[in-house]
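# here is the input, now give the coordinates:
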Amino acid sequence: ALCLTSICSNMIVFNFTLILMKRPNWENTTLLSINSSAKIKEEGPFVVFNETHIMPKNVPYTQSEKAQLQYAVGIASIISTFPFSMLYTKFGARFVFLSAGILSTISTALLPFAASKGMIAFTFIRLLQGFAYGANFAAIGFVCHRWATLQQHGFFLACMTTFTSLSVTLTNPVAAFISSVPSLGWPWVYYFHALVSPILFGFWLFLYTDHPDTHPCVSQREKDQILSGKTEAEIGISGFMPYRAILSNKTVLIVWLNSFADIVTAVFLITYLPTYVSKVLRYGVRETGIWSAVPALLHIPVKIGSGWLADNMRCMSEIGRMRLFNSIALVGSGVAFALVGFVPDDKRFLAVILMTINFALVSTNCGGFYKCATLISRQYAHFVVAGIQFEKSITLFVSPLIFLLFIRDESSREQWRNVFIGMAIILVVANTFFWFFVTDQPAEFTKIVSKQKSEKQQQKQNNLFNISKTDI
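Coordinates of the predicted model:
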C-alpha cells in the first residue's frame with residue numbers, strides 16, 4: 001500500500017505546488033508598458049527590453065495550461081493500464097511494478113527542471129507520471145490474488161485501496177511544510193518525494209515475491225492458508241489471458257458497471273464539494289477548506305473497518321455480505337445525494353453532514369464489487385481490477401463534463417439537485433443489477449488455462465504414441 005501511495009503522491013503533489021509554480025514567460029511573451037496603468041503582480045525579476053517596456057521573467061500558468069497538465073496524466077493512465085496488466089500476466093508483479101516505481105521516481109525528480117524548460121517538457125514529464133500511475137490498480141488485483149486467502153479479500157482490498165486517501169493525507173501537509181521553508185521552496189517538494197520512493201520500492205524488491213509458497217519469511221501454516229481453495233491454475237503464472245471470455249462474462253460487466261457508477265459519482269463529489277460548500281451553502285474560504293477535508297479523514301478508517309467486517313460477518317453468506325456492502329456503498333450514497341439537494345438554506349450544516357456521510361458510505365465498496373471482482377476472476381483479478389483503473393481514468397474527463405453540461409450557475413441549488421438526483425438513480429440501478437449477478441464462485445474463464453494445459457499434454461502424448469507406432 002505504501003508503494004501505491006508513493007506513485008499516487010508523486011502524481012498528485014502537482015495539485016498543491018501548482019499554486020506556487022510559474023512558467024518561463026519566453027514561451028508566451030507579454031510586454032507591459034512601464035507607463036501603462038497595468039499592475040504587475042509578478043514578484044520575481046523582470047527583463048527590461050527598453051525604457052518603455054518590460055517583461056516578467058515568470059508568469060502564472062493559464063487555465064488551459066493547467067488543464068493540459070492534468071489531462072496528460074489521465075490520458076497516459078488510460079493508455080498504460082492494460083499494457084501493465086499484460087505485463088503482470090506474463091512476468092508477475094515484482095519487477096514490473098518496480099519498473100513503474102522507478103519511472104515515477106525519475107519523472108518526479110526531473111519535474112522542476114522540466115517545468116523550467118517550458119510546457120512541452122513539463123507535459124512530457126506529466127505523461128510519464130501518468131504512465132506509472134496506470135500500474136497501480138492492476139497491481140492491487142494481482143497482489144490480492146497471490147497473497148490474500150479467499151476469506152480475506154475484503155480486508156486486503158480495503159487496505160490496498162486506501163492509497164488515494166493516504167496519499168492526499170500525507171502529501172499535502174508535507175508539501176505545505178517544505179514549500180514554506182524559504183531556503184527550499186516548491187522544487188524540494190518533488191525532490192523529497194523522489195528520495196522517499198526508492199526507499200519504499202527497495203523494501204518492495206526485497207520483501208515481495210510473486211510466489212508465497214517459496215517466500216522464506218512465510219511459515220508453512222501461512223502458506224497453507226493462502227493457497228487453500230486455489231487450484232493449480234490459480235497458483236501458477238501461465239502468461240495466458242482469456243480476454244474474450246472475460247470481456248463477455250456478465251458478472252464482470254456488472255462489476256465494471258457498478259465501479260463506474262461508484263467512481264464517477266465519488267470523483268464528482270471530491271472534485272466539486274468545495275465549490276458546492278462555497279457557492280451554494282455560502283461558507284467562507286476557511287470553513288470551506290475545513291468541511292471539504294473532513295470526508296477524506298473518515299475515508300481510511302471506514303474503508304478498513306468495512307473490509308474487515310466484509311470478511312468476518314458470519315451471520316450471512318459471502319454473497320449476502322457482498323450484496324450488503326455494495327448496497328451501502330451505492331444505494332446509501334444515492335440516498336445521501338438525493339437528500340442533500342433538498343436541504344433548506346437555513347439547514348446548511350445538515351448538507352455538510354450528508355456529504356460527509358456520503359463519502360464514508362462510498363468507502364465500503366471494497367466489500368462489494370471490488371471483492372466480487374477478485375473472487376470471480378481469481379488468477380485474472382489484475383485484469384478485471386485494471387478495468388476499474390481504466391474507468392477511474394475515464395472519470396477524470398467525465399466528471400468535468402457533467403459539471404460543464406448541467407451546472408451553468410454554480411450557486412443554483414436546483415441545478416446541483418438535478419445532478420445529485422441523476423447520480424442517485426444511476427447508483428441504485430447499478431446496484432440492482434449487482435444483486436442479481438453477484439457470485440463468490442470462480443468464473444468459467446478461470447479454468448481455461450488448466451484445460452489448455454491438459455489438451456496440450458494430451459496432444460503431446462498422442463504425438464509420442466504416433467512416433468512410436470511409426471518406429472515399430
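
# wait, Val73 touches Leu128, no?
No: using CB atoms under 8 Å, Val73 makes no contact with Leu128, being 9.6 Å away. The C-beta positions use only the backbone N, C-alpha and C, and glycine is treated the same way.

# who's more crowded, these two?
More neighbours surround Val73 than the other of Val73 and Leu128, with 24 against 21 (other CB atoms under 10 Å).

# checking the spatially closest residue to Ala261 that is not a sequence neighbour next. Helix, strand or coil?
Excluding the flanking residues, the one nearest Ala261 by CB to CB, 6 or more residues apart in numbering is Ala430, at 3.9 Å. Assigned with DSSP: H, G, I helix; E, B strand; the rest coil, Ala430 falls in the helix class.

# please report how far Ala430 lies from Leu128.
Per CB to CB, to the nearest Å, Ala430 is found 34 Å from Leu128.

# same deal with Val362?
Going from Val362 to Leu128 by CB to CB gives 30 Å.

# likewise for Gly284?
Applying CB to CB to Gly284 and Leu128 gives a distance of 39 Å.

# and for Ala132, the neighbour number?
31.

# next secondary structure after the helix or strand where it lies?
Taking DSSP states H and E as the criterion, Ala132 maps to helix 119-133. Later in the chain than helix 119-133, the nearest helix or strand by DSSP H and E is helix 136-147.

# hmm, who's touching that following helix?
With CB atoms under 8 Å, 6 or more residues apart in numbering as the test, helix 136-147 has contacts from 4, 7-8, 81, 84-85, 88, 92-93, 97, 100, 153, 156-157, 160-161, 163, 208, 210-212, 226, 234, 373-374, 377-379, 381-386, 388-389, 392.

# mind doing that once more with 6 Å?
4, 7, 84-85, 88, 93, 97, 156-157, 160, 210, 212, 374, 381-382, 385-386, 388-389 (CB atoms under 6 Å, 6 or more residues apart in numbering).

# please work out the average pLDDT along that helix.
Per-residue pLDDT values over helix 136-147 give a mean of 80.

# what's the following helix or strand after it?
helix 153-160.

# which SSE is immediately downstream of that next one?
helix 163-180.

# and that following helix, what's its mean pLDDT?
The average pLDDT for helix 163-180 rounds to 77.

# so what would you say the end-to-end distance of stretch 405-416 is?
Stretch 405-416 has an end-to-end distance of 11 Å (CA to CA, to the nearest Å).

# list the buried residues of that stretch.
Using 16 or more other CB atoms under 10 Å as the test for burial, stretch 405-416 gives 407, 413, 415-416.

# possible to save the residues you listed as TSV with pLDDT, secondary structure and distance to Trp188?
As requested, those are exported to TSV (pLDDT from 0 to 100; DSSP: H, G, I helix; E, B strand; the rest coil; distance: CB to CB, whole Å):
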residue	pLDDT	secondary structure	distance to Trp188
Ile407	86	coil	38
Arg413	87	helix	43
Gln415	91	helix	42
Trp416	91	helix	40
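
# of these, which is the nearest to Gly332?
Within those, the smallest distance to Gly332 is 19.5 Å, found for Trp416 (CB to CB).

# ok, the closest one to Arg378 distance?
Noted for Trp416: a distance of 42 Å to Arg378, by CB to CB.

# and Met322, helix, strand or coil?
Under three-state DSSP, Met322 falls in the helix class.

# and it, how far is that from Lys371?
Taking CB to CB, one finds Met322 at 6 Å from Lys371.

# between these two, who's got more neighbours?
Lys371 (29 against 26).

# the inter-axis angle of the helix or strand containing that one versus helix 153-160?
Using DSSP H and E, the element containing Lys371 is helix 369-377. For helix 369-377 against helix 153-160, the angle by axes from the mean of the first three to the mean of the last three CA atoms, to 10 degrees is 120 degrees.

# packing partners for helix 369-377?
Where contact means 3 or more CB pairs under 6 Å, 6 or more residues apart in numbering; DSSP states H and E, helix 369-377 is packed against helix 153-160, helix 250-275, helix 318-340, helix 381-406.

# who's in contact with the nearest residue to Ser80 once chain neighbours are set aside?
Spatial nearest neighbour of Ser80, chain neighbours left out: Gly134 (3.2 Å); criterion: CB to CB, 6+ apart. By CB under 6 Å, 6+ apart, the contact list for Gly134 reads 77, 80-81, 84.

# you'd agree the residue nearest to Ala261 is up against Ser259?
No: look at Ala430 against Ser259 with CB atoms under 6 Å: they stay out of range, at 8.8 Å.
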